[in-house]
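Enquirer: turn this into a model:
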Amino acid sequence: MAGWQKVTLTPEEEAALQGGAFFKFAGVGSKMLGKFVKSQPQTGQFAKKDREDWVFRAQVTKEDGSKAIEEVSVNPTKKLQAQLKKCNLKPGYAVKITLTAEIDIGMANKMPEYDVEFDPSPAPAGAAKPPPPPPPPAAGADDDLNF
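Expert: Prediction:
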């Protein structure tokens with residue numbers, strides 16, 4: 001095969017690189033409740049040096065109004081990034097991020113303020129495993145009769 005060939009990524013491959021869709025807070029008081037998956041360096045046209053996107057598995061509302069659990073990225077402000085780093089998150093930790101205020105800083109966009117809470121407790125276990133079967137009786141035991 002000769003000549004230049006263009007390489008394209010499928011939408012699924014692109015989503016995997018970005019950690020899924022970005023979570024959008026609807027307004028003051030809105031929350032993102034999810035399980036921490038990973039943090040990754042920002043990429044793309046608007047990436048900032050030394051900044052990370054934080055990926056969570058969270059419930060999202062689709063355009064048609066349905067709800068689904070998906071991986072979403074949070075593109076944090078400097079303060080939110082510092083709050084998330086201070087949590088020392090590990091995969092599986094439950095995290096709640098609440099948009100608490102939008103401060104007018106004299107620019108087109110207001111500066112968001114967030115509260116961050118996390119729970120390092122392990123997820124509740126499923127049904128308890130049944131106990132192992134008892135060991136076979138020892139040779140010569142009373143219930144080991146030879147009929």
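
Enquirer: which residues in this protein form strands?
Expert: Counting by DSSP state E, the chain has strands at residues 21-22, 31-41, 52-61, 67-74, 94-103, 111-119.

Enquirer: lowest average pLDDT across those strands?
Expert: Comparing mean pLDDT across these, the weakest is strand 21-22, with a mean of 79.

Enquirer: relative to Val7, which of the strands of the chain is closest?
Expert: Nearest to Val7 among the strands of the chain is strand 31-41; the distance by C-beta to C-beta comes to 21.5 Å. Using the backbone N, CA and C atoms, a C-beta is placed for each residue, glycine as well.

Enquirer: dump the strands of the chain into JSON lines; add mean neighbour count and distance to Leu9 as well.
Expert: JSON lines is the format used below for these (neighbours: other C-beta atoms under 10 Å; distance: least, C-beta to C-beta, whole Å):
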{"stretch": "strand 21-22", "mean neighbour count": "12", "distance to Leu9": "16"}
{"stretch": "strand 31-41", "mean neighbour count": "17", "distance to Leu9": "16"}
{"stretch": "strand 52-61", "mean neighbour count": "19", "distance to Leu9": "18"}
{"stretch": "strand 67-74", "mean neighbour count": "17", "distance to Leu9": "17"}
{"stretch": "strand 94-103", "mean neighbour count": "16", "distance to Leu9": "29"}
{"stretch": "strand 111-119", "mean neighbour count": "15", "distance to Leu9": "31"}
